[in-house]
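Colleague: quick check, what structure comes out for this input:
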Amino acid sequence: MTYTLISVSSVTYAMKGKNVLNNMGYYCEIERQERNARSGCGYTLRVKDDPQIISGILEKNGIAVKGRQTVERGR
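Modeller: Purely as a prediction, here's the structure:
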């Protein structure tokens, strides 16, 4: 399974992003970012769809994307 973690600065932006994406038909989950992550504390949105499209949607809705990381598990 491959998915992307999109970093945002706060839980408020993560919740707003999840609502925006869910209303547009995209599935996502909110995850607390690991403490040792380079971008500091914050939250991520875990998505399975194209991360460039998702990032664009978030940016257009006033949610700054701090970073993206693709994760592959189960292979």
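
Colleague: state the distance from the residue lying closest to Met24 once chain neighbours are set aside to Val71.
Modeller: Counting by Cβ to Cβ, 6 or more residues apart in numbering, Met24 lies nearest to Ile57, which is 6.6 Å off, once chain neighbours are set aside. From N, CA and C alone the C-beta is placed, and that goes for glycine too. Plainly put, Ile57 is 20 Å away from Val71 if you go by Cβ to Cβ, to the nearest Å.

Colleague: okay, those two: which has more neighbours?
Modeller: Ile57 (16 against 10; other Cβ atoms under 10 Å).

Colleague: what sits against the more buried one?
Modeller: Residues near Ile57 by Cβ atoms under 8 Å, 6 or more residues apart in numbering: Val20, Leu21, Met24, Tyr26.

Colleague: so which of those belong to helices?
Modeller: Applying DSSP state H to the contacts of Ile57, the entries found in helices are Val20, Leu21.

Colleague: if any of the contacts of Ile57 are buried, put those into a PyMOL selection.
Modeller: Applying 16 or more other Cβ atoms under 10 Å to the contacts of Ile57, the buried members can be selected in PyMOL as follows:
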select buried, resi 20+21+26
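
Colleague: turn the contacts of Ile57 into TSV, columns for pLDDT and distance to Asn61.
Modeller: Below are the contacts of Ile57 laid out as TSV (pLDDT from 0 to 100; distance: Cβ to Cβ, whole Å):
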residue	pLDDT	distance to Asn61
Val20	97	5
Leu21	97	9
Met24	96	10
Tyr26	96	12
